[in-house]
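S.K.: Any chance you could fold what I've pasted below:
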Amino acid sequence: MKKVMVINGPNLNMLGVRERDVYGTDTLEEINERLRKLAGKLKLEIEFFQSNAEGEIIDKIHSCYKAYDGIIINPGAYTHYSHAISDAIKSVDIPAVEVHLSNIHRREEFRKNSVIAPSCIGQISGFGAYSYNLALYAIANYLNA
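M.R.: Reported below is the predicted structural model:
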């Protein structure tokens, strides 16, 4: 069975509380539970990780090497400037999908640029919590192709 790691960056532990008009009312735990159920239907093993620390996110990506078949990552604000996270994704040579709840291309100018996207097979944004489902469908499709 293929294994997927879902990595969430800074402030995503505050989903359901922070800026509900932008990020919705679902908590990260609720999103993870729906993904767990969907992964079962897609015959994928899935694990979750969240950290507010860039180095911990990089360490988690490195730990995926030869242990996971795919990565879904919401780097949060690191999207816009963490070349280190981008390099970590490249270093493990595992297909990754970048995901965002909000449409980053309709927001403030600085949010429109992702330094992570070039290291990923694709980016999904703007569909709220369902963005994660779309990312899981995308990685499942890629892994089974």
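S.K.: What's the separation between the nearest residue to H83 once chain neighbours are set aside and E33?
M.R.: Computed as C-beta to C-beta, 6 or more residues apart in numbering, the closest residue to H83 that is not its neighbour in sequence is V115, at 5.6 Å. From N, CA and C alone the C-beta is placed, and that goes for glycine too. Going from V115 to E33 by C-beta to C-beta, to the nearest Å gives 30 Å.
S.K.: So between those two, which is more surrounded?
M.R.: Comparing V115 with E33 by other C-beta atoms under 10 Å, the one with more neighbours is V115, at 17 against 13.
S.K.: in the chain, which segments are predicted with low confidence?
M.R.: For the chain, applying pLDDT under 70 flags the ranges 19-20, 22-24, 107, 110-112.
S.K.: which stretches of it form helices?
M.R.: Assigned by DSSP state H, the chain shows helices spanning 20-23, 28-41, 54-63, 83-92, 130-144.
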